[in-house]
Structures are given as C-alpha cells and as structure tokens.
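>>> Next one to model:
(chains A and B)
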Amino acid sequence: MDVWALLIIPIVTSVVIVFITRKWKNLSSYLSIAAVIACFFIVLPYLIEALGNPHMHGHEQAFTWLKVSGLHIKMGTFIDSLTVVMLCIVTFVGSLIHIYARGYMEGEEGYSRFFACLSFFIFAMLGIVLANNLIMIFIFWELVGLASYLLIGYYYQKPSAADAAKKAFLVNRIGDFGLILGIFVIYYATGSFNFGEIEHQVMAGHVEPWTMGLAALLLFCGAVGKSAQFPLHVWLPDAMEGPTPVSALIHAATMVAAGVYLLARISFLFYMAPPEAGIVVAYVGGLTALMAALMALAQSDIKKIIAYSTLSSLGYMVMSVGLGGTGPGMFYLMTHAFFKALLFLGAGSVIHACHTNSIWEMGKLYPKMKATGVTFILGSLAMMGVFPFAGFWSKDEILSTAFDSGHWLLYGAGTLTAFITGIFITKIVLLAFFGKKRYHGNPHESPPSMTIPLVVLSVFAVFAGLAGFPGLEPNFGSFIPSHGHHGPHHFNFLVAGISTLVVFAGILIGWKLYTGEAEPAHRLKAQYPCLYKVLENKFYFDHFYDGVLVAVIYNGIGKILNFIEVNIFINFLINGFAYNVRVVGRALRGTITGQLQHYALFMVSGVVVLVLIFLQYFV
Amino acid sequence: MLTLTHFLILSCILFSIGVAGVMIRRNIIIVLMSLELIFNAANISLAAFAYYLESITGTVFVVFNITVAAAEVAVGLAILVAVYRRRKTVLVDQLDEMRY
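Below you'll find the model as predicted:
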C-alpha cells in the first residue's frame, strides 16, 4: 500500500495547507517540503530494486473504480523501471526545488498558496507516472494541467500572467482532445484501458495496424500539447510568467516531460503500428528542436531563452522516441531534468539578485555570485553537451539513434540544434556573468536554501550522464524496456566527434559575438534586421494564432454560434416555450373557479363520458 | 314479484336525486344529505346483488359502508360547524376561496 501513500501524502498536504495552515507561512512550506521528501524516501526502495535488477518485474495493483454494464474501469498503479526513473526525477528534483522555493519566494504574497499548489502538482504528476491505465493517466494529465494553470497564474493580478495561464490551459486542451480520442480508439480496438492488457493484445497482433497507427498518433496529440511540440509549442515560453521554481519544476523538469513519458509508455504501439506513425512523431520532434533553438537566438529574457532551449530538448526526446529509441529519449529526459532545473534555478538566483529578467541588464555578476555562477556554468556545459557532462552522453545517444535510423534530415536537424544551442547558451553565460557591468543596484549571492539545491543539482548535471556510459553494463539503455529494433547501444565515435565539434564551434561563435561589449552581435543584428525580427517574433506563430485562428474562430465561428444561440435557442426554444406555456396557463386559469359544484359537475360529466365510451366499445 | 331490476331502478333513482342535490343545492347541509343519498343508493344495489347472487360479501360490504358513513358524517358535520362559525354562512357558492 505504500504506493498509494505517494499520492495520498501530497494531496493531503495540499489540502491541509489550504484549509488549516495557510496563516503560518513557514509551517506551510515545511509541510510541503516534508511531503515531497517523504515521497522521495518511499520511492528509494523501488530504485534500489530496479538498480539491482534492470528487468524488474512490474508491481501492479488495482481496485475497481467504475462498473457499469459493458464498461469496467480499474484504477491502479504500475511500477516498472520506466516508472521508477520518472518517480525519482519527480521526487528528487521536486524536493530540491521545494527547498529552493523556500528561499526564492520569501516575502511573496500568497506564500502558502504557492506551496499548496506545488504539493498538488506533485500529487498530480505522481498520478500520471504511477497510473496503470489510460483513464487514470488522462485524469491526472488534466490535474497537472490545472496545477500548471494555477502556478503560471500565480501573480494573477498581472494581466500577462493571467493571460499566459489561460493560454497554457487552452492550448493544452487542444492536445488533450486528441489524447481522449486516442484513448477511445484504443478501447474500441482492444476493449481495455490497462497498459498490460493493451500491450498483450497489440503484441499478439489482434489489432489492425492502421488502428494502432491512428491510436498512436492521437495519443501523440496529447504529448504535443503537454510537451509543447510544434505546432502547440506557443504556451511554454509564455508559461515563464510563473515564479522561477515553477518554471524549473513544471515547465522544464517534470510536467512537460509527461508527454515523452506517455510516448515511452505506449512505445509498443509505435513498434507494431505502420512505421509512418513513428516517422511523423520523429519529424515533429526534430522540427520543434531546430525551430525552438532558432527562436532562442533572438530572445533577451533569460528565462525565455532557457524555455526555448527546453522546447528544443523536448523536441530531441520526442524525435528519439519517434525513431524507436525509448531508452535514449528517457535517458535524455533524466539528464535534462537535472541540468535544466539547474539552469532555471540559477537563472532564478540571478533574477532574485538583479530584479530583472533581461540579460542585457546583468553582466559581470560572476564576482558577486560565485556559487550561482559556477553551478550555472556547469549546467550550461551539460546543456550544450560538452564531454564528459551529462548532456553529452544523452544527446549523443539520441543523435546516434537518428544517425542509425538513416533519416539524415533528422540527424542534420539534431546536429544543427546542438550547434545553435552552443551559441545561445554561451550568450547567456557571457552576458549574465561576464563582460561589462550593466546591472543596477547591488546584487548579492542568494541564501543557502537556494544555493544548496544548485550545488546538488550541478553534481547530478555533471555525473548523471555516466549512467549511460557505454562501457557500463547494465547501463541506462538496458534499464528502460524497449520494443525498438535497437539492440544495446553502441558508442558511435563519428557521431560523438561531430557533435563535440559543432558544439565547440557554437561556443566559439557565441564567444566571438557576445564577449565584452557584444559589439559583433549588435553589428549582425543591424546587418540582417529582417532575419532578426523573424526570430525575435518567434516565426510569427503567436501572430498567426492571434490573427488567423482567433479571428476566424472567435470572431467568425463564434459570432455565428452566438447568433444561433441567441435567436434559435434562447429566443425561439426557451423564451418561445415559456411564452406558450404562459398563454395556455392564462386560458386554463378560468376553469379554477373555487366553486365546489363546478368541480362536481366536471367530475360527473367525466364519469358519464367514460361510461358512454365503455358502453360503446366494451359491451 | 320483486326482481333485481326493481332494486336497481330504486338505486338509480336515489343516485340521480343525490347527484342532482349535490350539484344544484346551495345549502351545504343539503349537499351533505345528498351525498348520503348517493351512498345509500350504492348500498341498496350491493344488498340486492348479495341477496340475488346468494353471496354474503355484498351484505358485509353494506354493513361496513354504514359504519364508515357514520364516521364520515361525524367528521363532515364537525367541519361544517367550524366553517359556519368562521364564515357565518352555509352556502357553498360563497365558499370559493380556493381559486386563482
């Protein structure tokens, strides 16, 4: 039953904070931190078991939740090595970010509310990870959406934050629509929501390939929304309106990875479905990776740049899973959780010190903030994938998967992304920590509750990649159940060499452009104003959605529907019926005279009529 | 020779008088008495059927009916007295509060 405790502890904490301890800010935060750390300790035994036996037998338990004729839904949990990886990421990174948030959110309005929402998020996220069936995944999928909405809109008095929260929720709904359709298709085809049973049916070949392809792509729609893939990627950069710990936990390390996790969970579908399904997924991922990296180039908000790099990392993972490389995808997910959380928390520490998000108003912070600076640089190296940091190993596995698959376009996109990532990450580091002093006021290092998580995360950002070290057996690749045709991963020196080269080229160009006064960067910007404008406006996706979709749907279809509703439903059906009922009632009112004898007359005439009818027909 | 038909005709006449009384008399006491007539018309036909069909059931029903009627008249008259005390009238057409 300890598995259920993973869900019960966070939700109870959240409820207790909301209803009881809201007034005591410190108590609320300690409760929330204790809850997530408790969850981490519950997960530990499973991690130890999985480490000892990589092909561990899944623990499954379930109870009947809904039973109506023909539909039998069981809620339950399922723990295998894939689940364990996610559980560890969520609870471990979650613990660090909770601790960090205690320092970062100091003095904010609604301190307790923040921690209540965080605990609620942990509850919902663990629900997704633990679920053994699609219905439960869908429910918790929506709950993390709610948690994300609440936390993006944390500064709800700020219109931009409220808008961003709304946007995230609505854009996610579009993807979720596909997800639920996919669940229906799977139920239609296999008669079950349970992953084990579905897998059994699918692997036995009882399902037609095109049905599986359809189901896989519809479920992928859900992942597109949650993991912010093209074309639904627009919500993630805006989600940076939330407090920085939220950006780190939800919009980088865990929630946005839920889509990738879902794809990994149903990887058997892609394995058995026509190969085109996986190719579509891979190309969406590759396109997202490259496009997001390009967009990141022209941003000046430190959090937005990191957000775009998150988009591009998610694109990497999706590409890998689409190509059948579930193991590499999950490996990247794990290392990404560490270094991206680290980058966000480091950025938060800088923002905390400078009170601005713009990297053009920072500069030369390194002497003032040594701990943040060192950890941020370590995180950056991991993000860019420099040998031997975590990102190198995981990115290399993904690029090797693309290389082996023979899709040169995808491999090229991945390598190009690595190159661009080198440029803009170097840009952040140089502009924020080195170069000319551009900050105002007197920034100082953050309190220990913020720097300690940074240090812990940086250790993982450096060493977590060794879990996938090619010489290690069993390494991470054998850890994740894979249906792919890829056997044990072989280290590809050509791929590793090329990616290292392009990353160093990226760093070099970034260095040239942004060192000192960043003169060359300004010159480049002046030279190609059109290109810069396109990148700065994120390829005009938001303009397109606002101008075309919102104009057509909201103003076009919406007005027509409003006309139909007002005239047909309200005026005709509702008011019309009410009017007729009133007229008839007024006419019939005359029969209620209050005279006893009138009623007696009606009764007797009624009896006479009935008797006459009886005599006519039945005698 | 009295046959069943004679009894049924008597019952029918009493019933008609009763119905007419209920519908056209204004005095509530007369209305109540007319109701008793309807009642007893039914009792006569029941007793007659019991006699001619040689079944005890009808007779039992009649005795039962008379008992119930006695109780009902007691309640009815009590209500009538209460209405008269309150409204100072026994005319049904003036008791028309229950209207729209």
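
>>> Look at whatever residue of the stretch 251-400 of chain A ends up closest to chain B and say how many residues are nearby.
Minimum separation of the stretch 251-400 of chain A from chain B (Cβ to the nearest Cβ) falls at A:Met255, amounting to 62.7 Å. Just so you know, the C-beta spots here come from the backbone N, C-alpha and C atoms, and that holds for glycine as well. A:Met255 has 25 neighbours, counted by other Cβ atoms under 10 Å in any protein chain shown.

>>> mind checking which helix or strand the closest residue to it other than its chain neighbours is in?
Nearest residue to A:Met255 in three dimensions, chain neighbours excluded: A:Val144, at 5.1 Å (Cβ to Cβ, 6 or more residues apart in numbering or on different chains). Element membership of A:Val144 [criterion: DSSP states H and E] is helix A:134-152.

>>> tell me which strands and helices that helix is in contact with?
With contacts defined as 3 or more Cβ pairs under 8 Å, 6 or more residues apart in numbering or on different chains; DSSP states H and E, helix A:134-152 has these neighbours: strand A:71-79, helix A:111-130, helix A:159-190, helix A:209-226, helix A:258-265.

>>> any idea how far the residue of the stretch 451-600 of chain A found nearest chain B lies from B:Leu95?
Closest contact between the stretch 451-600 of chain A and chain B, by Cβ to the nearest Cβ, is at A:Gly594 (3.1 Å). Using Cβ to Cβ, to the nearest Å, one obtains 8 Å as the distance from A:Gly594 to B:Leu95.

>>> would TSV of the helices and strands packed on helix A:134-152 with mean pLDDT be doable?
Below are the helices and strands packed on helix A:134-152 laid out as TSV (pLDDT from 0 to 100):
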stretch	mean pLDDT
strand A:71-79	86
helix A:111-130	92
helix A:159-190	90
helix A:209-226	90
helix A:258-265	90
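
>>> Relative to chain B, tell me which of those wins on proximity.
strand A:71-79 (50.4 Å).

>>> Residues contacting the closest one, please?
A:3-4, A:46, A:58-67, A:87, A:130-133, A:135-136, A:193-196 (Cβ atoms under 8 Å, 6 or more residues apart in numbering or on different chains).

>>> Just the ones of those residues in strands?
A:59-67 (DSSP state E).

>>> Tabulate these (a markdown table), appending pLDDT.
Formatted as a markdown table, the ones in strands among the contacts of strand A:71-79 follow (pLDDT from 0 to 100):
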| residue | pLDDT |
| --- | --- |
| A:His59 | 81 |
| A:Glu60 | 83 |
| A:Gln61 | 85 |
| A:Ala62 | 84 |
| A:Phe63 | 85 |
| A:Thr64 | 85 |
| A:Trp65 | 85 |
| A:Leu66 | 83 |
| A:Lys67 | 84 |
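
>>> Buried only: go through these for me.
Buried members of those, counted by 16 or more other Cβ atoms under 10 Å in any protein chain shown: none.

>>> Tabulate the helices and strands packed on helix A:134-152 (CSV), appending mean neighbour count.
Output for the helices and strands packed on helix A:134-152, formatted as CSV (neighbours: other Cβ atoms under 10 Å in any protein chain shown):
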stretch, mean neighbour count
strand A:71-79, 18
helix A:111-130, 26
helix A:159-190, 18
helix A:209-226, 23
helix A:258-265, 26
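
>>> closest one to A:Met291 among those?
Minimum separation from A:Met291 across those (Cβ to Cβ) falls at helix A:209-226, 13.7 Å.

>>> neighbouring contacts of the helix or strand that comes right after the closest one?
Using DSSP H and E, the next helix or strand after helix A:209-226 towards the C-terminus is helix A:235-238. Helix A:235-238 is contacted from outside by A:152, A:163-164, A:167-168, A:171-172, A:228, A:251, A:256, A:295, A:304, A:307-308, A:310-311, A:538, using Cβ under 8 Å, 6+ apart.

>>> same thing but 7 Å
A:164, A:167-168, A:171-172, A:228, A:251, A:256, A:304, A:307-308, A:310-311 (Cβ atoms under 7 Å, 6 or more residues apart in numbering or on different chains).

>>> Now find how far off-centre the helix or strand that that helix is followed by is within its chain.
Using DSSP H and E, the next helix or strand after helix A:235-238 towards the C-terminus is helix A:244-248. Here the centre of helix A:244-248 is set off from its chain's centre by 13 Å, with Cα atoms, centre = their mean, to the nearest Å.

>>> repeat for stretch A:424-434
27 Å.

>>> Just the residues contacting it, thanks.
Counting by Cβ under 7 Å, 6+ apart, A:296-297, A:302, A:305, A:309, A:350, A:359-360, A:362-366, A:373, A:376-377, A:380, A:383-384, A:506-507, A:510-511, A:514-515, A:518 sit against stretch A:424-434.

>>> Need the per-residue pLDDT for the nearest residue to A:Met212 once chain neighbours are set aside.
Take A:Met212 and drop its neighbours on the chain: the residue closest to it by Cβ to Cβ, 6+ apart is A:Ala273, 4.0 Å away. At A:Ala273, the pLDDT value in this model is 83.

>>> What of A:Gln595?
So A:Gln595 comes in at 85 (pLDDT).

>>> surely it meets B:Met98?
No - contact between A:Gln595 and B:Met98 fails when scored by Cβ atoms under 7 Å: they sit 9.5 Å apart.

>>> Around chain B, pick out the residues from the stretch 501-619 of chain A.
For the stretch 501-619 of chain A, the residues in contact with chain B (Cβ under 7 Å from any Cβ of the partner chain) are A:589, A:592-597, A:600-601, A:604.
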